[in-house]
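Enquirer: Just to be clear, the model below is a prediction. Sequence and coordinates:
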Amino acid sequence: MLDARMIRSNLEKVEQAMKNRNMAGTLDNFVRLDEQRRSILSQVEERKSFRNSDSQEIGKLKKQGMEAEDLKQKVREAGQEIKQMEEKLKAVESELQQILYNIPNLPHESVPVGADESANQEIRRWGEPRSFDFEPQAHWDLGPQLDILDFERAAKLSGTRFVVYKGWGAKLERAVINFYLDIHTSKHGYQEVFPPFMVNRECMVGTGQLPKFAEDMFKIEGRDMYLVPTAEVPLTNLYREEILEGRDLPLYLTAYTACFRAEAGSHGRDTRGIIRQHQFNKVELVKIVPAESSYEELEKLTRDAEEVLQALELPYRVVLLSTGDMGFSSAKTYDLEVWMPSYQDYKEISSCSNCEDFQARRANIRYRPGPGEKLRFAHTLNGSGVAVGRTVAAIIENYQQADGSIVIPEVLRPYMGGLEVIEG
RNA sequence: GGAGAGGUGGCUGAGUUGGUCGAAGGCGCUCGAUUGGAAAUCGAGUAGGGGGUGAGUAACUCCCUCAAGGGUUCAAAUCCCUUCCUCUCCGCCA
C-alpha cells in the first residue's frame, strides 16, 4: 500500500507508474474521496471538540449539585449529528481503503519500463547449458520411467497439477529442501522458521495477496483462512503490528513450506511435468530491514539464492523484471531462471523482490531507528531460495544420462545416503 | 467440547460505587547534574495514529486509541452484548 499523503502530492507520478504496470484507470476517485474524507473528518472533529467540553461542563455542574438538563439536551443532539457524520465518514474511508489496497507498488527508478517480459533485462549468466550427445528427455518422461514421479496416481488422489514423488524422487525432494535450509542458515545467516501453512486474512492482506488476487488462493471452507501461496506470507507477517528496535534489524528469515496456488488463468501453461503445480515446495528467504539498506540487501539476497544453484552446478541467468512483468507488491524484482533442456530455455526458479515499505505499511511493521527517534515503516524483501520442485525438475533434466539414469549433484549426495545415480 | 480467570503504554502494574484518566508507581530508555571516567545517586523528559494552521521531519491546536466491534449514557479503561486471544482445570487426541 502506498502512503495516501504521498499519492496526494505525486498524482502524475503515481498514475504514470500505474500505466507502466499495465493498470488502467486514473486516481480521480482517490482524489475525490480523499478530499471528502478530510473535509468530513475536520467537521466531525470540530463537533466532537464542542461535545467534549460541554460534557465536562455538565460534570462540573453536577459536582456543584446543579441540574444541567438544557446542556444535556444540547449535547444529546450533537451526538446524533456526529453519529450520522461518522457513518458517512466510515463509508468514504472504506472505499478509499479499497482503492489504496488495489494500487500496486511504485517501481524503483532502476526498473526498465515495458509492457511485459520482453522488456526485461538480462543482468548476468552463470554456467553453460550442457550440450547432449544424445536426445535429452523431459523430466515428465524421465520421472515416471524411473518411477520417482507418478502423475497418474497423483491425478487419482487430487487431480491435475499434482504429483506424487516416490522412492529416490521423494528422497531427492527432501534432500534439496534440507540442503537449501542448511546453506541459508549456516552460511548466509538466516534464522530458520517453520511456520503454519494456513494463515488468516490479515496476513494475506499484509503481504498483498488480498484483496486483489483472491482467485489465485486456496481458501479454507467455512473459515477465514487460506493455504499459504508462499512462505513469504507467514514470514513477513511474523512481525505484523509490531514495533521493532533499530538495533534488531536487519532480520533474515528462511522457511521451508509447501505452497498452494489455484493457478487460475494459467490453463494450458506448463501443463506437463512439475513446473506448475497446485502444491509445490519452496524454501523462502525474507528480510526485514531499515529503509536505507534495502537495495543493498536485495543484491545480497539475490546472491544468496544464486549460490544454491551454483552449488548444484545448474546453469542460470539473472533477469531484472520490467514494470509490466513485476509482482504487485514489489518495487524491484530479479528473477533467477534455470536452464531447462525440455524447454530449451531458461525457466523461472526464483524471484527476489524489494517491496520497500509497501507491505510494511499494510502489515504495520515498524521500527524505531534509534532511541527517541520517530517510528518508520521497515522495508521487506523476499526471494525464493529457491523453488524445490523446479530444482528437482532441473536436476533430472540437466543431470540425465543416455540410459535414462540421473546423476545426483555432489552436494546432495550426503543427503541421499551417498547415492550417486538414480537408476531405473 | 465442558468449567473458570484474564486481556491497560517498550515492559511491569494500579485504576471496575462511570466524570478533569491517555491513564499512578516501578523498570527500561533519553537528556542534564555529579565523576578523571564509570557505577550508584539526584533532577527533567519519555505511547501511537489521524486532521487543521504552517515553507516546515519547528511550533501550536483538535480528534481517536486502555484486545476488536457494537450498545447504554450528557459522559465508559470502568456498565451491557458479540467476537478474538491468553492462562488454569476436566474431557478428547498426534
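Expert: Here it is on my side, so go on.

Enquirer: any idea how far RNA strand B is from A:Y180?
Expert: 25 Å (Cβ to the nearest atom of the strand, to the nearest Å). C-beta: built from backbone N, CA, C; applies to glycine.

Enquirer: Next, give phi and psi for that residue.
Expert: Here is the backbone geometry of A:Y180 (degrees, to the nearest 10): phi -60, psi -50.

Enquirer: same question, A:E93
Expert: Backbone torsions of A:E93, given as degrees, to the nearest 10, read phi -70, psi -40.

Enquirer: Verify the stated contact: it with A:R37.
Expert: Yes. Applying Cβ atoms under 8 Å, one finds A:E93 in contact with A:R37, separated by 6.0 Å.

Enquirer: give me every residue that touches the nearest residue to A:Q401 once chain neighbours are set aside.
Expert: Spatial nearest neighbour of A:Q401, excluding adjacent residues (Cβ to Cβ, 6 or more residues apart in numbering): A:V407 at 6.5 Å. Going by Cβ atoms under 8 Å, 6 or more residues apart in numbering, A:V407 touches A:Y399, A:Q400, A:Q401, A:E420, A:V421.

Enquirer: The residues you listed: which two are farthest apart?
Expert: A:Q400 and A:E420 (14.1 Å; Cβ to Cβ).

Enquirer: does the residue of the stretch 101-250 of chain A found nearest RNA strand B belong to a helix or a strand, and which?
Expert: Closest contact between the stretch 101-250 of chain A and RNA strand B, by Cβ to the nearest atom of the strand, is at A:I243 (5.5 Å). Taking DSSP states H and E as the criterion, A:I243 maps to strand A:242-245.

Enquirer: Check which residues of that strand are buried.
Expert: A:L244 (16 or more other Cβ atoms under 10 Å).

Enquirer: A:Q400 and A:E420: who's more crowded?
Expert: A count of neighbours by other Cβ atoms under 10 Å puts A:Q400 above the other of A:Q400 and A:E420, at 24 against 12.

Enquirer: Is that one in contact with A:L142, as I believe?
Expert: Yes. Counting by Cβ under 8 Å, A:L142 is a contact partner of A:Q400 at 5.9 Å.

Enquirer: can you list residues touching both of those two?
Expert: A:I406.

Enquirer: Stretch A:323-340: end-to-end distance?
Expert: In stretch A:323-340, first residue to last residue: 25 Å (Cα to Cα, to the nearest Å).

Enquirer: Centre of the chain to that stretch, how far?
Expert: Taking Cα atoms, centre = their mean, to the nearest Å, the mean C-alpha location of stretch A:323-340 is offset from the chain mean by 12 Å.

Enquirer: What's the mean pLDDT across it?
Expert: Stretch A:323-340 carries an average pLDDT of 97.

Enquirer: With stretch A:201-214 instead?
Expert: Averaged across stretch A:201-214, pLDDT comes to 92.

Enquirer: Could you do stretch A:75-86 as well?
Expert: Regarding stretch A:75-86, the rounded mean pLDDT is 88.

Enquirer: Pick out the residue of the stretch 251-400 of chain A closest to RNA strand B.
Expert: Taking Cβ to the nearest atom of the strand, the stretch 251-400 of chain A has A:P371 as its residue nearest RNA strand B, at 3.5 Å.

Enquirer: Can I take it that that residue is in a strand?
Expert: No. A:P371 is assigned coil when assessed by DSSP: H, G, I helix; E, B strand; the rest coil, not a strand.

Enquirer: Okay, strands next: where are they in the stretch 251-400 of chain A?
Expert: Using DSSP state E, counting those that start in this stretch, the strands found in the stretch 251-400 of chain A span residues A:251-260, A:279-289, A:316-320, A:332-340, A:345-354, A:365-368, A:376-377, A:379-387.

Enquirer: Just the angle for the last one relative to strand A:316-320, thanks.
Expert: Here the directions of strand A:379-387 and strand A:316-320 differ by 150 degrees (axes from the mean of the first three to the mean of the last three Cα atoms, to 10 degrees).

Enquirer: From A:K287, how far out is A:V193?
Expert: Between A:V193 and A:K287 the distance is 13 Å, computed by Cβ to Cβ, to the nearest Å.

Enquirer: Next, show the common contact partners of those two.
Expert: Taking Cβ under 8 Å, 6+ apart as the criterion, A:V193 and A:K287 both touch A:L253.

Enquirer: neighbour count winner among the two?
Expert: A:K287 (27 against 16).

Enquirer: beta partners of the more buried one?
Expert: A:Y252, A:L381 (DSSP bridges).

Enquirer: give the contact list for it.
Expert: By Cβ under 8 Å, 6+ apart, the neighbours of A:K287 are A:P250, A:L251, A:Y252, A:L253, A:E297, A:L301, A:T380, A:L381, A:N382.

Enquirer: rewinding a little: mind listing what the residue of the stretch 101-250 of chain A closest to RNA strand B touches?
Expert: A:R366, A:Y367, A:R368, A:L375.

Enquirer: Going by distance to A:R201, which of those residues wins?
Expert: Sorting the contacts of A:I243 by distance to A:R201 puts A:R366 at the head of the list, at 21.1 Å, by Cβ to Cβ.

Enquirer: ok, which residues in chain A are in contact with RNA strand B?
Expert: Residues of chain A that fall close to RNA strand B, judged by Cβ under 7 Å from any atom of the strand: A:4-5, A:38, A:41-42, A:44-46, A:48-49, A:51-56, A:58-60, A:62-63, A:72, A:75-76, A:79, A:243, A:366, A:371-372, A:374-375.

Enquirer: Restricted to helices, list those residues.
Expert: Those of these mapping onto helices are A:4-5, A:38, A:41-42, A:44-46, A:48-49, A:51-56, A:58-60, A:62-63, A:72, A:75-76, A:79, per DSSP state H.
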